[in-house]
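K.L.:
got a predicted structure here, sequence first:
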Amino acid sequence: MTEQLKTYFANNFQTTTAEIEQVVSAFKEKIVKKNETLILKGDTCRYTYFVCKGSVRAYFIDDEGQEATRYIAFENQFITTIHSFISQTPTNEFIEATEKAVLLEISYGDFKRITEETSLARDLYKRQLEVAYMTNHWRLESFLKMSAKQRYDFLLQTNPAIIQRLSNKIVASYLGITQESLSRIKAQK
């Protein structure tokens, strides 16, 4: 699985083979079952995960028990509860596997160490922050400006894997609608 991460770095960053080897050596493989929880609300997030196979989501649960999915990571994407990971304070989120998944994880301590030692890790950190900002900005804007159907249509165009691979419950929680509303939207297609 580390070959996949090496390829990801080689294809997405200007770096050296030596730096790739150094950064990848800090990651450890983790295999998780579908619905396995990696981070619980109240935990301090101690890892960032790279998805080699499968999918993982970050989500909240409100006081009424309703789930709101913030982010879904598929193959060749990273996921963490970024606020908790950066600040090393408890999170309000959960992270769980939405499919059986093969992950590479890096601990907070190892991540901090390699960001001090390599420009590749610093560039990765910067990219993770940029992706988190852009994703959160798009999600906020879509909830303010788009109808549920428009959000569904946009998701179908830009990230159909979410709709194709995940349950209606997760898709609805990602779109911020009920499963019944999602069923109505799908029926109109």
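P.N.:
Perfect, thanks for sending it.
K.L.:
average pLDDT across the longest helix along the chain?
P.N.:
Using DSSP state H, we find that the single longest helix of the chain is helix 119-145. Here helix 119-145 scores 91 as its mean pLDDT.
K.L.:
what's the answer for stretch 14-21, then?
P.N.:
The average pLDDT for stretch 14-21 rounds to 95.
K.L.:
mind listing what's buried along stretch 163-183?
P.N.:
For stretch 163-183, the neighbour count (16 or more other C-beta atoms under 10 Å) marks Ile163, Leu166, Ile170, Val171, Ala172, Ser173, Tyr174, Leu175, Ile177, Leu182 as buried. Heads up, the C-betas are built off the backbone N, CA and C, glycines and all.
K.L.:
as CSV, these with pLDDT, distance to Met1 and secondary structure would be great.
P.N.:
Putting the buried residues of stretch 163-183 into CSV (pLDDT from 0 to 100; distance: C-beta to C-beta, whole Å; DSSP: H, G, I helix; E, B strand; the rest coil) gives the following:
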residue, pLDDT, distance to Met1, secondary structure
Ile163, 93, 27, helix
Leu166, 95, 22, coil
Ile170, 96, 24, helix
Val171, 95, 27, helix
Ala172, 94, 31, helix
Ser173, 94, 29, helix
Tyr174, 94, 26, helix
Leu175, 93, 31, helix
Ile177, 92, 35, coil
Leu182, 92, 33, helix
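K.L.:
out of those residues, what pair is the most spread apart?
P.N.:
Leu166 and Ile177 (14.4 Å; C-beta to C-beta).
K.L.:
the strands in the protein, which residues?
P.N.:
For the chain, applying DSSP state E gives strands covering 28-32, 37-39, 47-53, 56-61, 67-73, 78-79, 94-97, 101-107.
K.L.:
now those as TSV including distance to Tyr133?
P.N.:
TSV is the format used below for the strands of the chain (distance: least, C-beta to C-beta, whole Å):
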stretch	distance to Tyr133
strand 28-32	26
strand 37-39	20
strand 47-53	16
strand 56-61	15
strand 67-73	12
strand 78-79	14
strand 94-97	19
strand 101-107	21
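K.L.:
including mean neighbour count, could those go into JSON lines?
P.N.:
Formatted as JSON lines, these follow (neighbours: other C-beta atoms under 10 Å):
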{"stretch": "strand 28-32", "mean neighbour count": "15"}
{"stretch": "strand 37-39", "mean neighbour count": "19"}
{"stretch": "strand 47-53", "mean neighbour count": "21"}
{"stretch": "strand 56-61", "mean neighbour count": "20"}
{"stretch": "strand 67-73", "mean neighbour count": "19"}
{"stretch": "strand 78-79", "mean neighbour count": "22"}
{"stretch": "strand 94-97", "mean neighbour count": "22"}
{"stretch": "strand 101-107", "mean neighbour count": "21"}
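K.L.:
nice, that's everything, thank you.
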